[in-house]
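Visitor: kindly generate the corresponding structure for this input.
(one chain, ligands or ions: 2)
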Amino acid sequence: MVRSGLEMLMQYKDFANVQVMEHPLIRHKISLMRKTDTGTYEFRKLVEEVAALEGYEALRDLPLKEVEITTPLEKTMAPMIDGKKLAIVPILRAGLGMVPGVQVLAPLAKVGHIGLYRDPVTHEPHDYYCKLPDPIDQRLIVVVDPMLATGGSAVDAINSIKNHGGKNIKFMCIIAAPEGIEKLAKAHPDIEIYVGCVDRELNDNAYILPGLGDAGDRIFGTK
Ligand code: PRP
Ligand code: URA
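Guide: Numbering: from 1, shown residues only. Ligands and ions are numbered 1, 2, ... in the order given. Modelled structure (predicted):
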């Protein structure tokens with residue numbers, strides 16, 4: 001049976017604003033990412049590819065307008081993206097790995113950065129950097145981070161963006177824990193959340209199980 005693109009997404013439990021990807025290519029690529037013997041180069045390519053596939057779904061509702069163009073044979077009206085200005089905002093560091101994948105779809109998007117790290121003991125996020133394209137309030141903002149674990153980093157990042165005036169926000173991650181989805185969906189019910197795969201649980205160090213380990217270290221080869 002051929003299913004439409006929208007049917008390839010699954011709504012997550014009670015949260016109308018959470019979409020979980022069901023596309024077999026995304027599921028296959030995430031499985032490859034999990035493997036310990038997937039090296040840095042291959043891992044980075046997979047992060048980019050999954051980000052592009054998820055981005056394709058996340059940008060499905062971009063508005064179109066009819067504009068006149070000239071083909072080699074005649075003038076015609078044709079649909080083009082309706083000037084919606086986009087910003088891609090990775091949460092440092094690991095979010096950087098998803099940026100090239102979204103840029104494949106939206107090469108002219110501006111890129112902001114939010115720097116956060118998780119305290120290794122408390123698992124609470126700490127902000128160290130925020131630089132967003134100006135003005136931010138007119139843009140569709142796609143926040144990217146491969147891992148949504150406790151949800152603390154994503155909630156904080158989106159708080160910062162809203163404090164800077166951001167209004168139209170989507171969040172994309174590759175692997176999420178149920179706890180992280182719930183925290184983010186409840187804290188920001190106005191944003192759309194796109195999840196590559198929902199994993200089982202968090203361990204005592206707030207790492208996702210089965211997960212893929214430390215996404216930043218695997219992207220940048222720092223371990
Ligand atoms: C990872 C990940 C998220 C965060 C998720 O970043 O990329 O930003 O943890 O965890 P949370 O949902 O419990 O907040 P980390 O703090 O390890 O920093 P890094 O990207 O620099 O490695
Ligand atoms: N950050 C990661 O990189 N991996 C996890 O499993 C949790 C947080």
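Visitor: spell out which residues of this structure are next to ligand 2.
Guide: 94, 147, 149, 207-208, 211, 214-216 (CB under 6 Å from any ligand atom). C-betas here are computed from N, CA, C, even on glycine.
Visitor: okay, now the unreliable bits of this structure?
Guide: 1-9, 83-84 (pLDDT under 70).
Visitor: helix/strand/coil for Gly211?
Guide: Three-state call for Gly211 (DSSP: H, G, I helix; E, B strand; the rest coil): coil.
Visitor: list the contacts for it?
Guide: Applying CB atoms under 8 Å, 6 or more residues apart in numbering, we find Gly211 in contact with 34, 147, 175, 199.
Visitor: of the residues of the chain next to ligand 2, closest to ligand 1?
Guide: Lowest distance from ligand 1 to those (CB to the nearest ligand atom) belongs to Gly216, with 2.5 Å.
Visitor: can you list phi and psi of the nearest residue to Leu202 once chain neighbours are set aside for me?
Guide: Nearest residue to Leu202, sequence neighbours excluded (CB to CB, 6 or more residues apart in numbering): Ala177, at 5.0 Å. With angles defined as degrees, to the nearest 10, Ala177 sits at phi -90, psi 150.
Visitor: which residues does Ala177 contact?
Guide: Shown in contact with Ala177 (CB under 8 Å, 6+ apart): 148-151, 198-202, 208.
Visitor: who's in contact with the longest helix seen in the chain?
Guide: The longest helix of the chain (DSSP state H) is helix 40-58. The contact list for helix 40-58, computed with CB under 8 Å, 6+ apart, reads 5, 8-9, 19, 21, 23, 25-26, 29-30, 32-33, 38, 97-102, 104-106, 142, 144, 146, 170, 172, 174, 192, 194, 196, 215, 218-221.
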